[in-house]
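Asker: Next come a sequence and a model predicted from it.
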Amino acid sequence: MVASSRFPVPRGKPDRQPATGNRQPTFDPDAAAPKKSGIYGLPFTPDEARVVIIPVPFEATTSYGGGAARGPAAVLAASKQVDLFDHETGRPYEAGMAMLDLPGKIVLLNAKAKKLGRKKVDSVNKISDAVNQWVYEQTRALLDAGKMPVVLGGDHSVPFGAIRAYAERFPRLGILHLDAHADLRDSYEGFTHSHASIFYNVMTRLPIAKLVQVGVRDIGSAEMRMIEQSNGRITTFFDDELAARKEKGSTFAELADGIVAELPDDVYLSWDIDGLDPTLCPGTGTPVPGGLSWNEAIGLLRAIVRAKKRIVGLDLCEVAPGETEWDANVGARLLYKMIGFALLTR
């Protein structure tokens, strides 16, 4: 087991090892997480942390199963069981990670939008605009403060504001999009900010240099045309094509290197958990057979390191608690890996 980190716990914050005598308390990453600790059982406040997670419990545009609005709270609870030493990335927790409180404003907007539903689409679109603006302002303020903001959804409509803020900060930003769906519809069920439209909005409204999609296995004809007519701005690695290449002998490391080669130097990860094999996320709203295994998803992160590219920001969406804690468990561990590799590349 790894030894305890020798940095002081911030005053007034819970630690994993009680103080004895007059000795200054130290943080023990191997001890059980106190109930009142932060995400991953860490003692950091958002002011002290380098990585600040923005929970966005919003799912008003989901078109099949629900529950993504409960994802941030579920991931927070599951994170307390994650061992902090990571065999690949070392001790990412030492950089400091903290999660903002669940935003009451977004909770209320989500409830209002879900009540309006498909009867008053224009009103829901206005609510989505307000959510986008709130996420943008939160992300921009954290970037200005030298933090790495991370969005935790919520459905996959919620990171638009974050991607907007990152695109302003990093010219020629590329996005690595893991998803079962292309999310390139100009709207869906009348919602202009649908979870099925996030990357249509990103690629038509923001100065993104390149969108690279992985794991896509559900796509509409209009989405396919958008890819084909993108003049190379969008490259999609379809799940069936990756499977066929593996059948012919390609290793996933080779495939991952080819995927990452399509990206510019600065990379933003936008990962919908349904890009994974649905056995890893059975509660997610729109599961599709196929997808990446756990090790293949992490293999994409390894490939970014090999290519010496930089993960500047990220989001994780569509974690929906099911009948067990499994979805939240996978989500918490995937988020920790994504953050760990991001810090490693920076």
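Answerer: That came through, no problem. Please read all numbers here as calculations on a predicted model, not as lab measurements. Numbering: from 1, shown residues only.

Asker: can you give me the helices for the stretch 51-200 of the chain?
Answerer: For the stretch 51-200 of the chain, applying DSSP state H, counting those that start in this stretch gives helices covering 71-79, 104-116, 121-144, 160-169, 198-205.

Asker: whoops, I mixed them up, the stretch 201-346 of the chain
Answerer: 221-228, 239-247, 252-261, 294-306, 326-345.

Asker: now for the fourth one, which elements pack on it?
Answerer: So that's helix 294-306. On a contact count with 3 or more C-beta pairs under 8 Å, 6 or more residues apart in numbering; DSSP states H and E, helix 294-306 meets strand 174-178, helix 252-261, helix 326-345. (C-beta placed from N, C-alpha, C; glycine too.)

Asker: now, of these, which is deepest in the fold?
Answerer: strand 174-178 (a mean of 25; mean count of other C-beta atoms under 10 Å).

Asker: between that strand and helix 160-169, how many degrees?
Answerer: Counting by axes from the mean of the first three to the mean of the last three C-alpha atoms, to 10 degrees, strand 174-178 lies at 150 degrees to helix 160-169.

Asker: Show residues contacting strand 174-178.
Answerer: In this structure, residues lying in contact with strand 174-178 by C-beta atoms under 8 Å, 6 or more residues apart in numbering are 163, 183, 199, 202, 208-215, 259-260, 262-264, 266-272, 275-276, 292, 297, 300, 304.

Asker: Show only the entries of those residues found in strands.
Answerer: Those of these mapping onto strands are 210-215, 266-272, per DSSP state E.

Asker: I'd like the residues you listed as CSV, with distance to A145 and pLDDT appended.
Answerer: Output for the ones in strands among the contacts of strand 174-178, formatted as CSV (distance: C-beta to C-beta, whole Å; pLDDT from 0 to 100):
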residue, distance to A145, pLDDT
K210, 28, 98
L211, 28, 98
V212, 29, 98
Q213, 31, 98
V214, 31, 98
G215, 33, 97
D266, 19, 98
V267, 22, 98
Y268, 18, 98
L269, 21, 98
S270, 22, 98
W271, 24, 98
D272, 28, 97
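
Asker: Under the pLDDT cut-off, which ranges of the stretch 151-300 of the chain? List them.
Answerer: 188-190, 195 (pLDDT under 70).
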